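Asker: Everything below, folded, please.
(one chain, ligands or ions: 1)
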Amino acid sequence: MANQINFLQPKTREAKIEEILNRYNQPEYRLKQVFEAIYKKHVKTYDEITTLSKELREDFKNELGDILTLKPIAITTDEFTEKVLFETIDGSKIEAVKIKYKDHTSLCVSSQAGCALGCKFCATGTLGFRKNLSPDEICDQLLYFIQKGEKIDTIVFMGMGEPFANPQLFDALAMLTDPDYFGLGQRKISVSTVGLIPGIQRLAKEFPQINLAYSLHSAFHEQRMELMPVAKVYPAEAVFIELKDYIEQTNRKVFIAYLLIKGVNDSPEHAKALAALIKKQGPKSYLYHINLIKFHESDVVKGMKKPDETAVERFSTVLMHRGIAYTLRQSFGEEIDAACGQLFAKNRKK
Ligand code: SF4
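Answerer: Predicted coordinates:
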């Protein structure tokens, strides 16, 4: 079923709820009551919404099933992480990873089932594209954890899929930030992109306080095109022009994700080229922050290895000496295949 495109989007939970309430000529405040029960009281079934009549609850149950549009089908955990493989109502599989470190809990969510962009280092890229997730399917990854009583501090769009390739991402962001739904502050959300310029422009306009991360992974255009075919359409040069505008408009930091892969992009020359690219951004180059991430080995992505510690240290030193702000990201979830698409890719083979 790879590369199947879904043109018709199913009705949202909200539209279906409204439809049932209208059928029974219910006053407007009923919708608010249902919303409060789902997003503030975190009920798991429509049966628990006792402010509704039994008849209404029956209809909700028969037509909508449970509240969540996702069913957890595989869970793996280690000391810091919990990774859940979900199945959507139409049978697509997606993943979310909860990472708890010290007193901070972050949730990495998926925006698509599979991905069409085929980056060479990415497990999701090997799956092909299945579908864009609906706003409910995106937000229910969070709702699942909230229903279990978990406190989630931040949401990052770094799971399966390219967020800006899914136009419904913006409806999901609206739900995440709307006080009637999840009411998260924009600064608690991060969106990571391989550089889809129209998405960056729209984010700057509609959600200027949401954190933006750009996945670069090589400052050399030729190599980047090999690693990430999307660079043929959106080369880093064009994306950096856009990022400059983004910074002008928002005055916000931009995160540059750089995955270190052994013998591929972890040499001092790569580090120097990266530093030069950041310096080239002019007086506001200090607003670019590099996130170095060590490649996570798996048998799904063949022929790529995690970098040696000495190479990581050399790379970081080059950045440090050139005054480039960077963070070496902590690696979590090595035992549970917490890199995007790996749990699904593994389960698919069974
Ligand atoms: S890295 Fe992101 S854009 Fe590239 S294939 Fe994986 S999910 Fe898609």
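Asker: going forward, measure contacts and count neighbours with C-alpha atoms only.
Answerer: Noted.
Asker: List the buried residues in the helix ranked longest in the chain.
Answerer: In terms of residue count, the longest helix belonging to the chain (DSSP state H) is helix 236-250. By neighbour count with 16 or more other C-alpha atoms under 10 Å, helix 236-250 contains the buried residues Ala236, Val239, Phe240, Glu242, Leu243, Lys244, Tyr246, Ile247.
Asker: per-residue confidence for the residue lying closest to Asn265 once chain neighbours are set aside?
Answerer: Once flanking residues are discounted, Asn265 sits nearest to Ser218: 6.3 Å by C-alpha to C-alpha, 6 or more residues apart in numbering. pLDDT recorded at Ser218 is 98.
Asker: Next up, the contacts around Ser218.
Answerer: For Ser218, the contacting residues are Arg224, Tyr258, Asn265, His270, Leu274, by C-alpha atoms under 8 Å, 6 or more residues apart in numbering.
Asker: for the host helix or strand of Glu63, the distance to its chain's centre please.
Answerer: Per DSSP states H and E: Glu63 is located in helix 54-64. From the chain centre to the centre of helix 54-64 is a distance of 32 Å (C-alpha atoms, centre = their mean, to the nearest Å).
Asker: Repeat that for stretch 73-93.
Answerer: Mean C-alpha position of stretch 73-93 versus that of the full chain (C-alpha atoms, centre = their mean) differs by 14 Å.
Asker: Repeat that for stretch 214-230.
Answerer: Its chain's C-alpha centre lies 20 Å from the corresponding centre of stretch 214-230 when counted by C-alpha atoms, centre = their mean.
Asker: Just the terminal-to-terminal distance for that stretch.
Answerer: Its first and final residues considered, stretch 214-230 spans 13 Å by C-alpha to C-alpha, to the nearest Å.
Asker: Stretch 283-297 now?
Answerer: 38 Å.
Asker: List the buried residues in that stretch.
Answerer: The neighbour-count criterion (16+ other C-alpha under 10 Å) identifies Ser285, Leu287, Tyr288, His289, Ile290, Asn291, Leu292, Ile293, Lys294, Phe295, His296, Glu297 as the buried residues of stretch 283-297.
Asker: from those residues, which is closest to Arg252?
Answerer: Leu287 (7.1 Å; C-alpha to C-alpha).
Asker: Just give the nearest non-adjacent residue to that closest one, would you?
Answerer: The shortest distance from Leu287 to any non-neighbouring residue, by C-alpha to C-alpha, 6+ apart, is to Lys253 (4.6 Å).
Asker: My guess is the one you found contacts Tyr288. True?
Answerer: Yes. Using C-alpha atoms under 8 Å, Lys253 is in contact with Tyr288, at 5.9 Å.
Asker: Tell me how many other residues crowd Glu18.
Answerer: Glu18: 17 surrounding residues under other C-alpha atoms under 10 Å.
Asker: if we can go back for a sec, in what helix or strand does the residue nearest to Asn265 lie?
Answerer: With DSSP H and E as the test, Ser218 turns up in no helix or strand.
Asker: Angles on the backbone of it, please.
Answerer: Here the main-chain torsion angles of Ser218 (degrees, to the nearest 10) amount to phi -170, psi 140.
Asker: Tell me how far it lies from Lys294.
Answerer: 14 Å.
Asker: And Asn25, how far from the ligand?
Answerer: The gap separating Asn25 from the ligand is 44 Å, by C-alpha to the nearest ligand atom, to the nearest Å.
Asker: I'd like a version of the contacts of Ser218 in a markdown table, one that adds secondary structure and distance to the ligand as further columns.
Answerer: What follows is the contacts of Ser218, written out as a markdown table (DSSP: H, G, I helix; E, B strand; the rest coil; distance: C-alpha to the nearest ligand atom, whole Å):
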| residue | secondary structure | distance to the ligand |
| --- | --- | --- |
| Arg224 | helix | 12 |
| Tyr258 | strand | 11 |
| Asn265 | coil | 16 |
| His270 | helix | 19 |
| Leu274 | helix | 19 |
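Asker: Now render the residues you listed as CSV, adding neighbour count.
Answerer: Putting the contacts of Ser218 into CSV (neighbours: other C-alpha atoms under 10 Å) gives the following:
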residue, neighbour count
Arg224, 20
Tyr258, 22
Asn265, 21
His270, 18
Leu274, 23
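Asker: what does this protein have sitting close to the ligand?
Answerer: Cys115, Leu117, Gly118, Cys119, Cys122, Thr124, Gly125, Met160, Gly161, Glu162, Val194 (C-alpha under 6 Å from any ligand atom).
Asker: try it again with 8 Å
Answerer: Proximity of the chain to the ligand (C-alpha under 8 Å from any ligand atom) is limited to residues 114-126, 158-162, 193-194, 228, 340-341.
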